[in-house]
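Novice: return atomic coordinates for the entry below.
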Amino acid sequence: MVLKRIAGERGGWLTAFLVYAALSNAWWAYRAFRVYEDLVSHRAPRVPHWPYLVLGILSALAVLAVVGLWRLRRWGLVLYLVCWAAALGIGVYLGVPFLSHLLSLVNVFLLYLFVAPRRDLLR
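Specialist: Numbering: from 1, shown residues only. Take a look at the predicted model:
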């Protein structure tokens, strides 16, 4: 009964965004760990290994943040934004194209649009 009430309070758009964010971050965590594993196994000396390991950890933490947002917890929102900011910094370090950074900003903007009306529900 309580879960049905929370799901109704969460709203359809926020629920859809959280499902997308969980699946997307789980995929990127898998990809970042695979790239890291490939770099380590081939001992590529010119490519830094640590950004991919950190990106994998940040993506895994973002999945945890989505779980917090799913349960309408304030720490989930804070953790998601911290993971996004750190991944943005690593993306700049790696030389990711500027358009990718703009697209990640769209994700944060959508999260704001969906969470702002339910800000009072965050515990």
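Novice: helix or strand: which one has V67?
Specialist: Taking DSSP states H and E as the criterion, V67 maps to helix 50-70.
Novice: give the buried residues for that helix.
Specialist: Neighbour-count burial for helix 50-70 flags 51-66, 68-70 (criterion: 16 or more other CB atoms under 10 Å). C-beta: built from backbone N, CA, C; applies to glycine.
Novice: which ones are touching the nearest residue to W28 once chain neighbours are set aside?
Specialist: Spatially, and ignoring its direct neighbours in sequence, W28 is nearest to S59 (4.4 Å; CB to CB, 6 or more residues apart in numbering). By CB atoms under 8 Å, 6 or more residues apart in numbering, the contact set of S59 is 25-26, 28-29, 32, 83, 87.
Novice: so which other helices or strands are in contact with whatever helix or strand comes next after the helix holding V67?
Specialist: Scanning forward in sequence from helix 50-70 by DSSP H and E, the next helix or strand is helix 74-94. With contacts taken as 3 or more CB pairs under 8 Å, 6 or more residues apart in numbering; DSSP states H and E, helix 74-94 sits against helix 50-70, helix 98-115.
Novice: I'd like the ones you listed laid out as TSV, including distance to A21 and mean pLDDT.
Specialist: Converted to TSV, the helices and strands packed on helix 74-94 look like this (distance: least, CB to CB, whole Å; pLDDT from 0 to 100):
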stretch	distance to A21	mean pLDDT
helix 50-70	5	96
helix 98-115	7	92
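Novice: and the residue nearest to W28, how far is that from L121?
Specialist: 26 Å (CB to CB, to the nearest Å).
Novice: could you do C83 as well?
Specialist: 22 Å.
Novice: can you check F114 too?
Specialist: 12 Å.
Novice: of those two, give the one with the bigger neighbour count.
Specialist: The neighbour comparison of F114 against L121 (other CB atoms under 10 Å) goes to F114, with 19 against 13.
Novice: these two touch, right, L14 and L113?
Specialist: No: in terms of CB atoms under 8 Å, L14 does not count as a neighbour of L113; the distance is 9.1 Å.
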